[in-house]
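Participant: quick one, fold the following:
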Amino acid sequence: MTGFEPGERVLLLDDRGRRYLITLQQGQSYHFHRGIVAHDLLIGQPEGVTVRTTSGAAVIALRPTFAEFVLKMKRGAQVVYPKDLAMILLHGDVYPGANVLEAGAGSGALTMALLRAVGPEGRVVTYELREDFAALARANVEAFLGKAENLEIKMGSVYEPVEETDIDRIVLDVPEPWRALEGAGAALRPGGVFVAYLPTVLQVHSLVEALHGDPSWTLVSSFEALVRPWHVEGRSVRPEHRMVAHTGFITTARKILAPKFLPGRADRPIMPEDPPIL
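Facilitator: Sure thing, here's the model as predicted:
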C-alpha cells in the first residue's frame with residue numbers, strides 16, 4: 001500500500017480514542033482542540049504513522065474503515081448504522097455479481113455497502129425522490145469508493161412500477177415499503193430476497209401484514225440488532241456504560257411463484273422429544 005496522497009480521506013486518532021476525518025490537501029492544516037496538524041506531515045507517509053500537533057499531542061493517521069467513514073461522512077438523511085448494514089447484507093444475502101434495487105439513497109451509506117458487496121460484476125440501481133440527497137449520496141460514494149460505474153441513481157418513487165426486471169435483491173429504506181410490493185416487488189426474480197429497514201414497529205407490522213397477505217412471499221422475518229461493547233482494561237472487565245441499542249428493524253422475505261393452492265402445514269412442528277409417529 002502506498003503512502004497517503006493529496007485528496008485522500010484520512011482518519012486521525014488522538015490519545016483519547018477520538019476520531020477526526022480529514023481530506024488531505026497540500027499546504028493545508030487541520031485545526032482542533034489538540035493543536036494543528038499540517039497535511040504535508042502526512043502526505044507521502046505510510047498508513048499507521050504517528051505525528052505531533054503544534055501543541056505536542058500525538059495523533060495516529062489511518063485510512064478509515066467503511067464503518068468509520070459512514071459515521072463521519074457528510075449526512076443529509078440519517079445514515080443506516082454499521083451494525084444494521086452488516087445484518088442487511090448478511091440476511092439479505094447480497095453477493096458478488098448480484099443485481100440490486102435500492103430505495104432511497106439518503107446519504108449513501110447503504111448504497112456503499114451494497115456496492116462493496118456486489119463487487120464490480122454486480123449492479124446497484126437506487127431510487128431517490130430528492131435531488132439533494134441523490135447528489136450527496138453520489139458524492140459520499142465517490143469519496144470512499146471512487147467512481148462507481150455500476151451505480152445508477154434514478155430520480156423517482158419506488159412505489160410506482162419500475163423499469164428493472166430480473167432483480168436479485170431489493171433493499172428498501174423508505175417509510176412505506178408495503179406500497180412497493182406490487183411495483184418494485186414485481187421486478188424481483190423468484191427466489192430473490194426482499195429487505196426493508198424501518199424505524200418503528202408499527203411500520204414493521206404494516207409491512208409484515210402485507211407480505212403475509214400476498215402468496216408471492218414466504219419466509220417473512222423481522223428483527224433488530226443490538227450491539228453492547230465491553231470495557232476491558234486490567235481488572236476492569238464490564239459492559240460499557242453506553243451502547244448502540246435500537247436504531248431500526250430489518251424485515252426480510254423471499255419471492256416465490258404464487259402457488260395455485262395454499263400448501264398445508266401442521267398445527268405445530270414435531271419436536272425431538274415427541275414420540276415417533278407409528
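Participant: wait, isn't residue 227 in contact with residue 244?
Facilitator: Yes. With contact defined as Cβ atoms under 8 Å, residue 227 reaches residue 244; the gap is 5.0 Å. Any C-beta I mention is one placed from the backbone N, CA and C, and that applies to glycine too.
Participant: shared neighbours, those two?
Facilitator: Common neighbours of residue 227 and residue 244, counting by Cβ atoms under 8 Å, 6 or more residues apart in numbering, are residue 83.
Participant: for residue 118, grab phi and psi.
Facilitator: phi -80, psi -20 (degrees, to the nearest 10).
Participant: wait, what's in contact with the closest residue to it other than its chain neighbours?
Facilitator: With sequence-adjacent residues excluded and distances taken as Cβ to Cβ, 6 or more residues apart in numbering, residue 118 is closest to residue 98, at 4.9 Å. Residues in contact with residue 98, defined by Cβ under 8 Å, 6+ apart, are 117, 118, 122, 123, 168, 169.
Participant: kindly report the same for residue 104.
Facilitator: 77, 126, 127, 128, 129, 130, 133, 158, 173, 174.
Participant: beta partners for the closest residue to the third one other than its chain neighbours?
Facilitator: Spelled out, that is residue 127. For residue 127, ignoring the flanking residues on the chain, the nearest one in space by Cβ to Cβ, 6+ apart is residue 103 at 4.0 Å. Per DSSP bridges, the residues bridged to residue 103 are residue 127, residue 172.
Participant: next SSE after the lowest-mean-pLDDT helix or strand in the chain?
Facilitator: Sorted by mean pLDDT, DSSP states H and E, the helices and strands of the chain end with helix 66-72, the least confident at a mean of 91. Going down the chain from helix 66-72, the next helix or strand is helix 82-91, by DSSP states H and E.
Participant: and that next one, what other elements does it pack with?
Facilitator: Counting contacts by 3 or more Cβ pairs under 8 Å, 6 or more residues apart in numbering; DSSP states H and E, helix 82-91 is packed against helix 66-72, helix 109-118, strand 188-198, strand 217-224, strand 249-255.
Participant: mind listing the strands for the stretch 151-278 of the chain?
Facilitator: In the stretch 151-278 of the chain, the segments counted as strands under DSSP state E, counting those that start in this stretch are 151-155, 167-172, 188-198, 217-224, 230-233, 236-239, 249-255.
Participant: most tightly surrounded among those?
Facilitator: strand 167-172 (a mean of 25; mean count of other Cβ atoms under 10 Å).
Participant: avg pLDDT for that one?
Facilitator: Taken as a whole, strand 167-172 has a mean pLDDT of 98.
Participant: mind checking how far it is from the chain centre?
Facilitator: 13 Å (Cα atoms, centre = their mean, to the nearest Å).
Participant: picking up where we left off before, which one, of the strands of the stretch 151-278 of the chain, ends up nearest to residue 46?
Facilitator: Smallest distance to residue 46 across the strands of the stretch 151-278 of the chain (Cβ to Cβ): 28.6 Å, for strand 230-233.
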